[in-house]
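Trainee: Here is the input, now give the coordinates:
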Amino acid sequence: MRRRLLPLFLALGLALAGAVLTGPAPSRADPVVVPDIDGGLATCTQLTPHAVAVTGEPVRLDVRILLDGVTRDHAEQGVVSMRKAYRPLGIGVAATYDVVDLSGVDAQRLIEQAKDRYGGRRPAGVDVVYAMTVKDITSTGPTGGQLIGQADCIGGVRTARTAFAVGEIGRVTIPTTTEGTGKVMAHEVGHLLGGHHHYASAEGLLASDPATMSLMGPAIDLDALRFSSLNQLMVRGHAQRYAD
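Mentor: Presented below is the predicted three-dimensional model:
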C-alpha cells in the first residue's frame, strides 16, 4: 500500500507546489483538483485525494436536514455542535429543515427515500441533504447493526445525485447525546466533502472536546469535533469547489 500511494502523494505535493507558484493570488486560489485514478464517484470510494484546498477562503455550506422522528430543537443543537468542526475550516454551515416519515432501517434505503423526496437530486440552493433519524439504522454490508451513519458517496457533494447522507441521534455517549448527534452529522457530511477514515489521526487530542481520534475516525465515540490536518485540506477543498 505504501509503494502504491507514495507516487500519488508526491504528485499531489507537486500539484500543490505548482498551484502556489503559478496560480492566482493566494487569497483567491482555487482548490487543486487531482484526476480520479480509482473510479471516483463511479465506485463511491474516492480512495485518493480529489479537491485539495490551498487557501482558507471562506465558503457557505447549505445543509438540508430531514427530521425523521427528530425534534427541530434537537437538530438545531446538533448543528451548533457540528459548526465547532467546520468553523475553523472557514466553512459556515447554514441549515434548513424538512419533516419526513421515512420507512425501514436500512441506511441505503433511507438515503434513497431522501433522494425520492426531491426527485433524485438535492434541491436548488442546497449543497448536501442529511437525513437525521431516531431509528437504529443497519446496513447489508460488514458493519451491519453497528452502523450509526452513512454517506451516499465519498465526495458526494460533487453531483446533485450523490450529495446525500443519513445518521442516527442519541447513540453516541461522549460527551452528551446532543454533541453526539452533531458528531455523527459532521462526520457523515465530512464524507460527502471528501473526508475519509484513512486520513484521520490522533489530532483529536487538540480539539476543544479532546478524544483519541480526529473527527473522521471510524468510531464516533472516540472522535473529537476536529478534522485532521489532511482531512481539513480535502473537506475545505470540496466545499470551496462544489458548494453552491
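Trainee: in the chain, which spans are helices?
Mentor: All helices of the chain, identified by DSSP state H, fall at 2-22, 72-86, 107-117, 177-192, 229-242.
Trainee: What count of nearby residues applies to the nearest residue to L67 once chain neighbours are set aside?
Mentor: Nearest-residue entry for L67: V99, 4.9 Å, with adjacent residues in sequence omitted and distances by CB to CB, 6 or more residues apart in numbering. Every C-beta, even on glycine, is put in place using the N, C-alpha and C of the backbone. Counted by other CB atoms under 10 Å, the residues lying close to V99 total 11.
Trainee: Pass me the low-pLDDT residue ranges in this protein, would you?
Mentor: Residues of the chain that meet the criterion pLDDT under 70 lie in 1-28, 39, 142-144, 171-178.
Trainee: OK, contacts around the most centrally placed residue in it?
Mentor: Centroid check for the chain by CA atoms, centre = their mean gives G190 as the closest residue, at 1.4 Å. With contacts defined as CB atoms under 8 Å, 6 or more residues apart in numbering, G190 is in contact with A85, L215, M216, F227, N231, V235.
Trainee: my read: the fourth one touches I91, true?
Mentor: Right, F227. No. With contact taken as CB atoms under 8 Å, F227 and I91 are classed as non-touching, separated by 10.0 Å.
Trainee: of those two, who's got more company?
Mentor: Neighbours were tallied for F227 and for I91 using other CB under 10 Å; the higher tally belongs to F227 (31 against 24).
Trainee: ok, for that one, nearest residue in space, not its chain neighbours?
Mentor: Nearest in space to F227, with sequence neighbours left out and distances taken as CB to CB, 6+ apart, is L215 at 5.2 Å.
Trainee: which ones are touching that neighbour?
Mentor: Applying CB under 8 Å, 6+ apart, one finds that L215 lies in contact with 85, 183, 186-187, 190, 195, 200, 204, 223-228, 231.
Trainee: Contacts only, for the residue nearest to T45 when sequence neighbours are not counted.
Mentor: Setting aside the residues directly before and after it, T45 is nearest to I154 in space (CB to CB, 6+ apart), at 5.8 Å. Applying CB under 8 Å, 6+ apart, we find I154 in contact with C44, T45, Q46, L47, H191, L192, G194, G195, H196.
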